[in-house]
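Asker: Here is my input; please provide its structure:
(one chain, ligands or ions: 2)
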Amino acid sequence: MAQFEEVSKQSILHPKPAGLALQYGTAGFRSNSIHLDHIMFRMGLLAVLRSKKTKSTIGIMVTASHNPEEDNGVKLVDPMGEMLAATWESYATMLANAEQEELISALNEIIEKEGIDKSQEASVFVGKDTRSSSASLSQAVLDGVHALGGHSKDYGLVTTPQLHYMVCCKNTQGKYGDATVEGYYKKLCQAFTQLVGNASNCTDDQKHLCVDGANGIGALKLREMISHLNKGLQVTIFNDGSKGKLNHQCGADFVKVQQKTPTGIQVNPGDRCCSFDGDADRIVYYFADSQQVFHLLDGDKIATLISTFLKELLIQAGLNLKIAVVQTAYANGSSTDYLENTMNVTVRCTKTGVKHLHHAALEFDVGVYFEANGHGTVLFSKAAEDKIQQLAQDSRIDDERKRAALMLQSTINVINQTVGDALSDMLLIEAILAIKGMTVEQWDRIYTDLPNRQLKVKVSDRRVIDTTDAERRAVSPAGLQEAIDNLVKTYRKARSFVRPSGTEDVVRVYAEADTQESADALAHEVSLAVY
Ligand code: 16G
Ligand code: ZN
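Answerer: Numbers count the residues shown, from 1 in each chain. Ligands and ions are numbered 1, 2, ... in the order given. Below is the predicted model of the structure:
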């Protein structure tokens, strides 16, 4: 590639601090933004190679999601809008950590290993969140793309799921929708409007939702989206970025971990509220009851609501499609029990991290996946979509089946199947509640969460902990699992596991039991066993 000259020249403007080593983790690179300029430039280079290899458009999102404002990060999006393939994660790490003078040989190594045709055109879509560092960092990405001769399209400020959506639209030649932000709103909002057309007698009160935008991109994009909603939903946006700091005491991660209302939002008893995270790929719901007690409806409650709705529609439509819910070890035991034993839905458990859940959900006709932290979506197989499509157009079926088929069709269109999406999930949840005439309190009462506690433990080397069975059991160090088993036995309805974090230098401990005191005590005892 003649462009290597340009790469050498440009890379001097994006120098790597000698000795700095970062790793492409579960959600790409993440660190304090001051360390990331060279990483961004190099990820621009890598995206060009990935684009040449796949002969498709690749996405790059500059964001650090729920991390503090000072941090930033970057992740690559593969052709169908999914996470970067695992083999390329190691190339990303290799390229990021190559010292300045090794950069060209690192590029050559990838080109050779992957048999990349250098003459292939390359196209990269770039997006960024609202962090103050994102503008210059996304420029560094673009510099990388151009240095290696790639074409770019800069979407500017978008949510992470919007960028995933654009990449998928582009690579499916528009079959998934228009690769524009406007096209995204139109597709989702039209489907939402069709869905809520099935809700009878919805009052303005029932249509009202309070949204905590985490002072981030989600608030901006929600405001844009509302104008397409035709009053089907009345939204009040809090933490819209005009005053507060990104993710500071607000947002989905804060609400889930702290199990309390974010600051900057007024919650009156009975108000239905939700929080997005800093790049709007997660959502959790909550409300305060008449005693001002806080109730959280997390990813597990969301998965239950959505899968129940879909299962009922599949039955009404007379469609024999296999539906399953994919969770992680963090899923509350009550949710798993309810899904398996009351709903008779297949439940799968995978390792933490969106790519694992997404992969498992692909095995079913309808795969609903959610992490307890609120990241999730629904995947429909091609066969399932075709069957639903055919039925919706069949003029011989009765009205009830027809209505169910049409609702399934709108559900497919309101969902962003590429990745968990707070805006899209919010529309689906709001539509389901409206159609069922269900209040947030009624939704909460579907099952009662087991009290639980999460702790993090600092250890000298978290890699000594190795797990199996979707992170539910520790295989090393020797004796740890036995110790956990013995502790769990002393509590009722108890469960506990430990796992090394994929994003922080800590070991995470989870415990649940019949009372909050027991869950707290068990988590504490297990954390002592980890030392
Ligand atoms: C990342 C993952 C998220 C997971 C979290 C766990 C993606 C896009 N994000 O943020 O799904 O819940 O890591 O973090 O995969 P931990 O390993 O530190 O507990
Ligand atoms: Zn996020």
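
Asker: Flag every residue of the stretch 101-250 of the chain that's near ligand 1.
Answerer: Residues of the stretch 101-250 of the chain found near ligand 1 (C-beta under 6 Å from any ligand atom): none. The C-beta positions use only the backbone N, C-alpha and C, and glycine is treated the same way.

Asker: residue in the stretch 101-250 of the chain nearest to ligand 2?
Answerer: Residue nearest to ligand 2 within the stretch 101-250 of the chain: residue 160 (6.1 Å; C-beta to the ion).

Asker: quick one, what contacts the nearest residue in space to that residue that is not next to it in sequence?
Answerer: Closest residue in space to residue 160, ignoring its immediate chain neighbours: residue 279 at 4.2 Å, by C-beta to C-beta, 6 or more residues apart in numbering. By C-beta atoms under 8 Å, 6 or more residues apart in numbering, the contact set of residue 279 is 61, 63, 65, 129, 159-160, 216-218.

Asker: Make JSON lines out of those residues and add pLDDT, neighbour count and secondary structure.
Answerer: Shown next, in JSON lines, are these (pLDDT from 0 to 100; neighbours: other C-beta atoms under 10 Å; DSSP: H, G, I helix; E, B strand; the rest coil):
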{"residue": "61", "pLDDT": "98", "neighbour count": "31", "secondary structure": "strand"}
{"residue": "63", "pLDDT": "98", "neighbour count": "33", "secondary structure": "coil"}
{"residue": "65", "pLDDT": "96", "neighbour count": "28", "secondary structure": "coil"}
{"residue": "129", "pLDDT": "98", "neighbour count": "26", "secondary structure": "coil"}
{"residue": "159", "pLDDT": "98", "neighbour count": "31", "secondary structure": "coil"}
{"residue": "160", "pLDDT": "98", "neighbour count": "31", "secondary structure": "helix"}
{"residue": "216", "pLDDT": "98", "neighbour count": "31", "secondary structure": "coil"}
{"residue": "217", "pLDDT": "98", "neighbour count": "29", "secondary structure": "helix"}
{"residue": "218", "pLDDT": "98", "neighbour count": "37", "secondary structure": "helix"}
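
Asker: Local confidence estimate at residue 200?
Answerer: Note for residue 200: predicted pLDDT of 79.

Asker: Name the secondary structure element that contains it.
Answerer: Following DSSP states H and E, there is no helix or strand that holds residue 200.

Asker: neighbours around it, how many?
Answerer: Neighbouring residues of residue 200 were enumerated by other C-beta atoms under 10 Å; the total is 8.

Asker: gap between the closest residue to it other than its chain neighbours and residue 406?
Answerer: For residue 200, ignoring the flanking residues on the chain, the nearest one in space by C-beta to C-beta, 6+ apart is residue 437 at 7.8 Å. Plainly put, residue 437 is 19 Å away from residue 406 if you go by C-beta to C-beta, to the nearest Å.

Asker: hey, where'd the strands end up in the stretch 1-150 of the chain?
Answerer: 29-32, 57-62, 71-77, 123-128 (DSSP state E, counting those that start in this stretch).

Asker: Look at residue 437 and residue 406 and report which has more neighbours.
Answerer: More crowded of residue 437 and residue 406, by other C-beta under 10 Å: residue 406, with 20 against 12.

Asker: so that one sits in a strand?
Answerer: No: counting by DSSP: H, G, I helix; E, B strand; the rest coil, residue 406 is not part of a strand but helix.

Asker: Now do it, the pLDDT please.
Answerer: At residue 406, pLDDT is 97.

Asker: got a list of what it touches?
Answerer: Neighbours of residue 406 in contact, by C-beta under 8 Å, 6+ apart: 194, 392.

Asker: give me that answer again for 7 Å
Answerer: residue 392 (C-beta atoms under 7 Å, 6 or more residues apart in numbering).

Asker: about what we covered before: ranking the strands of the stretch 1-150 of the chain by burial, who's on top?
Answerer: Each of these was scored by mean neighbour count; the highest is strand 57-62, a mean of 29, by mean count of other C-beta atoms under 10 Å.

Asker: Can you tell me the strand partners of it and which way each runs?
Answerer: strand 71-77 (antiparallel), strand 123-128 (parallel) (DSSP bridges).

Asker: Figure out which of those is closest to residue 465.
Answerer: strand 71-77 (24.4 Å; C-beta to C-beta).

Asker: and the closest one, does that touch ligand 2?
Answerer: No: using C-beta under 5 Å from the ion, strand 71-77 stays clear of ligand 2, coming no nearer than 9.8 Å.

Asker: quick one: average pLDDT of that strand?
Answerer: Computed over strand 71-77, the average pLDDT equals 97.

Asker: Show residues contacting that strand.
Answerer: So strand 71-77 is contacted by 27-33, 36, 39-40, 43, 46-47, 50, 58-64, 84, 131, 133-134, 137, 163-164, 167 (C-beta under 7 Å, 6+ apart).

Asker: same thing but at 6 Å, please
Answerer: 28-30, 32-33, 36, 40, 43, 47, 59-62, 64, 84, 131, 133, 137, 164, 167 (C-beta atoms under 6 Å, 6 or more residues apart in numbering).

Asker: And stretch 330-343, by the same measure?
Answerer: Residues outside stretch 330-343 that contact it (C-beta under 6 Å, 6+ apart): 300, 304, 325, 345, 347, 372, 447, 449-450, 495, 512.

Asker: How about stretch 252-267?
Answerer: By C-beta under 6 Å, 6+ apart, stretch 252-267 touches 66, 212, 238-239, 244, 249-250, 273, 275-277, 282, 284, 288, 294, 296, 298, 373-374.

Asker: Now the terminal residues of that stretch, how far apart.
Answerer: For stretch 252-267, the first and last residues are 15 Å from each other (C-alpha to C-alpha, to the nearest Å).

Asker: Indicate whether it makes contact with ligand 1.
Answerer: No: Stretch 252-267 does not reach ligand 1 (C-beta under 6 Å from any ligand atom); its nearest approach is 9.0 Å.

Asker: Quick one: residues contacting the nearest residue to residue 414 once chain neighbours are set aside.
Answerer: Distances taken as C-beta to C-beta, 6+ apart put residue 191 closest to residue 414, at 3.9 Å, once the chain neighbours are dropped. Listed by C-beta under 6 Å, 6+ apart, the contact set of residue 191 reads 410, 413-414.

Asker: now do residue 167
Answerer: By C-beta under 6 Å, 6+ apart, the neighbours of residue 167 are 57, 59, 77, 81, 125.

Asker: nearest spatial neighbour of the residue in the chain that ligand 2 sits nearest to, skipping sequence neighbours?
Answerer: As assessed by C-beta to the ion, ligand 2 sits closest to residue 65 within the chain, at 3.2 Å. Distances taken as C-beta to C-beta, 6+ apart put residue 279 closest to residue 65, at 4.8 Å, once the chain neighbours are dropped.

Asker: Can you classify the one you found by secondary structure?
Answerer: Assignment for residue 279 (three-state DSSP): coil.
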